[in-house]
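**Student:** test case, fold it:
(one chain, ligands or ions: 1)
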Amino acid sequence: MLFKKLLNIFRTKTNSHIKKGEITCTECGLVYDNTLGFFKKEANECPDCQYIKILTDKSFDEMSDNLRVIKTIRGERAIKAAKDMGLKLLELKAEVSDEFKVKYKKLQHRKTGEIITIGDFREGNGSEWKTLVNWTSENPSKFFSPYAAYVIPKDLKKGECVLINDVITNHVSGRWNQGDVYRLSKSEATWTGEDFYIDVSSYAIGDFIG
Ligand SMILES: [Zn+2]
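**Tutor:** Numbers count the residues shown, from 1 in each chain. Okay, here's the model as predicted:
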């Protein structure tokens with residue numbers, strides 16, 4: 001289970017054309033840093049368009065394990081669009097916390113050109129791998145915009161338990177004795193009527209040694 005969660009954390013696209021730096025979105029014109037969201041599922045996609053898609057997909061009835069899935073949107077453009085659609089929002093500021101850090105190293109296979117990302121100091125990289133990016137830490141609480149909001153279903157009842165796939169507030173998911181401090185991105189939560197109480201223990205990976 002832990003291994004699976006770590007795989008998700010380190011999942012990255014093996015696209016050798018992607019370089020560190022700025023990218024201009026061909027759809028909306030947003031200029032963004034493609035290193036942001038490195039550890040996130042949608043890494044290297046225009047963040048603005050990614051959150052607009054959440055609204056245009058209109059999949060607000062999604063359920064997971066009998067829990068309603070609460071959608072998160074980020075960026076001023078998506079928030080404005082949601083308001084124009086008449087959606088009920090809980091707006092929160094996405095704060096950057098220096099508490100979080102997740103280290104990685106990027107390697108490229110000398111023959112196949114395959115690019116992999118490793119996160120464990122103990123992982124060997126034989127002579128067939130060359131280092132593209134040496135050990136670097138990223139802060140998973142850094143998002144492209146400080147503006148964020150949950151889309152609140154209008155019939156959400158006080159006390160209802162839900163699933164949030166993109167938690168806005170900062171909570172520690174776990175710590176690795178190699179120095180990494182993980183941020184909780186997915187969690188069950190309870191609607192208090194005005195806010196979500198985040199049940200950190202529902203998805204936290206906990207502390208581990210290795
Ligand atoms: Zn875009």
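**Student:** which helix or strand contains residue 48?
**Tutor:** Following DSSP states H and E, one finds residue 48 within helix 47-57.
**Student:** give me the helices and strands touching that helix, please.
**Tutor:** Counting contacts by 3 or more CB pairs under 8 Å, 6 or more residues apart in numbering; DSSP states H and E, helix 47-57 is packed against strand 67-74, helix 76-84. To be clear about C-beta, it is placed using only N, CA and C from the backbone, and glycine gets the same treatment.
**Student:** quick check: mean pLDDT of the last one?
**Tutor:** Averaging pLDDT along helix 76-84 yields 94.
**Student:** ok, the spatially closest residue to residue 93 that is not a sequence neighbour - contacts?
**Tutor:** Spatial nearest neighbour of residue 93, excluding adjacent residues (CB to CB, 6 or more residues apart in numbering): residue 146 at 5.5 Å. Counting by CB atoms under 8 Å, 6 or more residues apart in numbering, residue 146 touches 93, 94, 95.
**Student:** what residues sit buried inside the helix holding residue 48?
**Tutor:** Applying a neighbour-count criterion of 16 or more other CB atoms under 10 Å, one finds 47, 48, 49, 50, 51, 52, 54, 55 buried in helix 47-57.
**Student:** please state the offset of it from the chain centre?
**Tutor:** Computed by CA atoms, centre = their mean, to the nearest Å, the chain-centroid distance of helix 47-57 equals 14 Å.
**Student:** can you list the residues of the chain near the ion?
**Tutor:** Neighbours of the ion within the chain, by CB under 5 Å from the ion: 25, 27, 28, 30, 46, 48, 49.
**Student:** ranking the helices and strands packed on helix 47-57 by burial, who's on top?
**Tutor:** Among these, the stretch with the highest mean neighbour count (mean count of other CB atoms under 10 Å) is strand 67-74, at a mean of 20.
**Student:** in its sheet, what does that strand sit against?
**Tutor:** Using DSSP bridges, the strands paired with strand 67-74 are strand 63-64 (antiparallel), strand 147-152 (antiparallel), strand 161-164 (parallel).
**Student:** one step back: out of the contacts of residue 146, which end up buried?
**Tutor:** Buried subset of the contacts of residue 146 (neighbour count, 16+ other CB under 10 Å): residue 94.
**Student:** thinking again about what came up before, now the strands paired with strand 67-74 in JSON lines, with mean pLDDT and mean neighbour count?
**Tutor:** Output for the strands paired with strand 67-74, formatted as JSON lines (pLDDT from 0 to 100; neighbours: other CB atoms under 10 Å):
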{"stretch": "strand 63-64", "mean pLDDT": "92", "mean neighbour count": "10"}
{"stretch": "strand 147-152", "mean pLDDT": "97", "mean neighbour count": "21"}
{"stretch": "strand 161-164", "mean pLDDT": "98", "mean neighbour count": "20"}
